[in-house]
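**Q** give the three-dimensional model of this entry:
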Amino acid sequence: MQIGIIGRGRVGSALLRNLSGSLSISDCGNKEKLVQSCDVIFLTVPDRVIKEMAVALAKDNLKGKTFFHCSGSLGLEPLAELERHGGQVGSLHPLQSFGSLTANFSGVYMALDGSKKVKIIGKEIAMLLGAKIFTVPENERRLYHAAACFASNYVVALISIAQTIMIRWTGDERAALEALLPLLTGTVHNMRQVPLAATTLTGPIARGDVTTVAGHLEVLPEKYQEAYKAVGKITVTLAEQNKSITNMQANKLRELL
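**A** Numbering: from 1, shown residues only. As a prediction, this is how the structure comes out:
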């Protein structure tokens, strides 16, 4: 199988690194030549230009060619022009953050969509990557992508808040982050041991400690209070589900938040 990659961002580069030992890979600058010479073509370009790229490539008979995009939120409609010219189209989105040059796909879940033939090809590629396949219906892609944002992007946002506050005592940004990372990795480790993330909940809300939460709100900078309150309300619900707090404690915490 000859695979072509159009787009050398983080995902495209990761695919190139991780597949180059298994299959014939190409990422040559001439896009038309790449399409002609490859069986499978990944469009690892920003979401906003996937459709534009697909239209630009849909010039000739594309029978026998399979095109994948790697967007989490988009369905297959942006690739429709390629399909009209005879190509097969699908999506293969890795549920992983690729900020590191050493990132790989081993054990990573990938959301696969497409026809039966396309899914066979996608599963073969996932197997070579050591990834796991699951399916998200096209009409639920945006909801799926929102879940991914909670697990990655918003975690970064919350850790950034903690880092900004922690600098007061560590003296510099790097030390502040290093101080917080064991706490974060310990939390992730705990979640690896259980089927339901909520059951690993600890902290003042999990204990029903209204006084401590009130103290946090007294000293937190105003710009962070709404985020604290929003996440706090969700945390109260989790603590109730875990039965680690009473109804009275939950009501007092909600009133405070």
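**Q** from here on, contacts and neighbour counts on C-alpha atoms
**A** Will do.
**Q** quick one: mean pLDDT for stretch 152-172?
**A** Mean per-residue pLDDT for stretch 152-172: 96.
**Q** okay, buried residues for it please.
**A** Neighbour counts using 16 or more other C-alpha atoms under 10 Å place 163, 166-167 of stretch 152-172 among the buried residues.
**Q** show me the protein divided up by domain.
**A** Split into domains by automatic domain parsing, the chain comes to 2-139, 150-256.
**Q** quick one: the buried residues of stretch 152-172 as JSON lines, columns for secondary structure and distance to L253 too.
**A** JSON lines is the format used below for these (DSSP: H, G, I helix; E, B strand; the rest coil; distance: C-alpha to C-alpha, whole Å):
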{"residue": "Q163", "secondary structure": "helix", "distance to L253": "25"}
{"residue": "M166", "secondary structure": "helix", "distance to L253": "25"}
{"residue": "I167", "secondary structure": "helix", "distance to L253": "28"}
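**Q** of the residues you listed, closest to T211?
**A** Using C-alpha to C-alpha, M166 comes nearest to T211 of these, at 21.6 Å.
**Q** which ones are touching the closest one?
**A** The contact partners of M166, taken as C-alpha atoms under 8 Å, 6 or more residues apart in numbering, are A176.
**Q** try the one 10 residues further on
**A** The neighbourhood of A176, defined by C-alpha under 8 Å, 6+ apart, consists of 163-164, 166-167, 169-170.
**Q** just these now: which is nearest R192?
**A** Lowest distance from R192 to the contacts of A176 (C-alpha to C-alpha) belongs to Q163, with 24.3 Å.
**Q** quick one on the thing from earlier: want to throw the buried residues of stretch 152-172 into JSON lines with distance to P195?
**A** Below are the buried residues of stretch 152-172 laid out as JSON lines (distance: C-alpha to C-alpha, whole Å):
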{"residue": "Q163", "distance to P195": "29"}
{"residue": "M166", "distance to P195": "32"}
{"residue": "I167", "distance to P195": "35"}
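**Q** among the domains of the chain, show the one with the smallest mean pLDDT.
**A** Out of those, domain 2-139 stands lowest, with a mean of 91 (criterion: mean pLDDT).
**Q** returning to what we had before: most tightly surrounded among the domains of the chain?
**A** domain 2-139 (a mean of 18; mean count of other C-alpha atoms under 10 Å).
**Q** now do it: distance to the chain's middle.
**A** Remark: domain 2-139 is offset 16 Å from the chain centroid, using C-alpha atoms, centre = their mean, to the nearest Å.
**Q** measure that domain end to end?
**A** 31 Å (C-alpha to C-alpha, to the nearest Å).
**Q** same thing with stretch 108-125?
**A** Taking C-alpha to C-alpha, stretch 108-125 runs 13 Å from one end to the other.
**Q** sheet-wise, list the partners of the helix or strand hosting H93 with their directions.
**A** Element membership for H93 (DSSP states H and E) is strand 88-94. Under the criterion DSSP bridges, strand 88-94 sits next to strand 66-69 (parallel), strand 109-114 (antiparallel) in its sheet.
**Q** same list (the ones you listed) but as JSON lines, adding distance to L101.
**A** Shown next, in JSON lines, are the strands paired with strand 88-94 (distance: least, C-alpha to C-alpha, whole Å):
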{"stretch": "strand 66-69", "distance to L101": "21"}
{"stretch": "strand 109-114", "distance to L101": "19"}
